[in-house]
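J.: any chance you could fold what I've pasted below:
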Amino acid sequence: MQSTSEVKYSAGPFQPIDEQCEGCERIVEEESTSFCKTYMHPAAKWRMGMCNFATHVKPEIKVAKIRINPLKAAKRASSSRRG
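T.: Down below sits the predicted model:
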């Protein structure tokens, strides 16, 4: 369980934020240094791409259009009507 006492980010294992974290809502500033309140080592979250905790970045969704053979589509449609 979490205690109700205040967390000291500068005294613990928390490391300062990475430059890519700027603008995130999860940033806490303590003693003129910014820390992520969700993750202890924020630079590690950006190594493989986008941080999954980032609130200021939205993932890009690519839509691929798939072409279906019209003969197969007609066969599938006719078989579902017979069923």
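
J.: ok, residue 38 - contacts?
T.: 26, 53 (CB atoms under 8 Å, 6 or more residues apart in numbering). All C-beta spots, glycine's among them, are computed from the backbone N, C-alpha and C.

J.: distance check, it against residue 17.
T.: Distance of residue 38 to residue 17, computed by CB to CB, to the nearest Å: 11 Å.

J.: just give me the residue closest to the centre of this structure.
T.: residue 52 (2.1 Å; CA atoms, centre = their mean).

J.: count of residues packed around the closest residue to that one other than its chain neighbours?
T.: Nearest residue to residue 52 in three dimensions, chain neighbours excluded: residue 45, at 7.0 Å (CB to CB, 6 or more residues apart in numbering). Neighbourhood size, residue 45 [other CB atoms under 10 Å]: 19.

J.: quick check: residue 45 touching residue 53?
T.: Yes - using CB atoms under 8 Å, residue 45 is in contact with residue 53, at 6.5 Å.

J.: which neighbours do the two share?
T.: With CB under 8 Å, 6+ apart as the test, residue 45 and residue 53 both reach residue 39.

J.: quickly note the distance from the residue nearest to residue 52 to residue 39.
T.: 6 Å.
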